[in-house]
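Asks: Quick one: sequence and predicted model below, then my questions.
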Amino acid sequence: MNKEQPLDDIDDSNESKEHSEDSFSSEEEEIEIVEEPLDPLEQKENELSDLKEEMMRLRAETDNFRKRLSKEKEDSVRYANEKLFKDLVPIYDNLKRALEAPDVNVKSLKEGVDMIGKQFLTFLEKHHVKPIEALGETFDPNLHEVLSQIESEEHEEDVVIDEFGKGYYIHDRVLMPSKVVTSKKPQGSSSEENASSEETAG
């Protein structure tokens, strides 16, 4: 047979139980909040691991950048003349078309060659290639390549009097020199000039 418990005792008992539960819950919260400090050695190892990962990532990015740069450089060399040939191929096509045209005669062939010549000059101008003016100019070793010399009384010494091959600039640089013939004084003219000078002086 159960003995009845007084109401006051029951309340006290409940309060005590609630207080005990609250205390226990509060202790759990404190346990969750408080973190145990890392061991300094473990902390340094973690930092070192992070640095290694960062270094590997940067190394991979650098390798990829180097490979991409190398590929771009290789392509720029391989396709450097792409634009040039895009302009040149139509000229060749016109030449081929002129040679393969039916009923070709001298007149039509000459007209076709003249047209292709003008087209080619336009191509050269577009790519900043211009001819070197040589005839009548004083010989310049930077612009002219002398193939021969011819005695001439009509010209001063070392004047370009004939041109076998046209020279060209590309921008401000010599692409190829003119192949020229220059003048020289006729043999004996120097001694005659000296004798004449001596007579005048005497």
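Replies: Perfect, I can see it now. Numbers count the residues shown, from 1 in each chain.

Asks: Spell out the secondary structure type for the residue lying closest to residue 137 once chain neighbours are set aside.
Replies: Among residues not flanking residue 137 along the chain, residue 160 sits closest, at 5.3 Å (CB to CB, 6 or more residues apart in numbering). For every residue, glycine as well, the C-beta is placed using N, CA and C. Using DSSP: H, G, I helix; E, B strand; the rest coil, the structure places residue 160 in strand.

Asks: which ones are touching residue 160?
Replies: Going by CB atoms under 8 Å, 6 or more residues apart in numbering, residue 160 touches 134, 135, 136, 137, 138, 139, 144, 178, 180, 181, 182.

Asks: any chance of these in JSON lines, with neighbour count, distance to residue 61 and pLDDT too?
Replies: JSON lines is the format used below for the contacts of residue 160 (neighbours: other CB atoms under 10 Å; distance: CB to CB, whole Å; pLDDT from 0 to 100):
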{"residue": "134", "neighbour count": "22", "distance to residue 61": "56", "pLDDT": "95"}
{"residue": "135", "neighbour count": "11", "distance to residue 61": "61", "pLDDT": "95"}
{"residue": "136", "neighbour count": "9", "distance to residue 61": "63", "pLDDT": "94"}
{"residue": "137", "neighbour count": "16", "distance to residue 61": "59", "pLDDT": "95"}
{"residue": "138", "neighbour count": "11", "distance to residue 61": "61", "pLDDT": "95"}
{"residue": "139", "neighbour count": "17", "distance to residue 61": "59", "pLDDT": "96"}
{"residue": "144", "neighbour count": "23", "distance to residue 61": "55", "pLDDT": "96"}
{"residue": "178", "neighbour count": "24", "distance to residue 61": "54", "pLDDT": "96"}
{"residue": "180", "neighbour count": "26", "distance to residue 61": "58", "pLDDT": "96"}
{"residue": "181", "neighbour count": "17", "distance to residue 61": "63", "pLDDT": "96"}
{"residue": "182", "neighbour count": "22", "distance to residue 61": "62", "pLDDT": "96"}
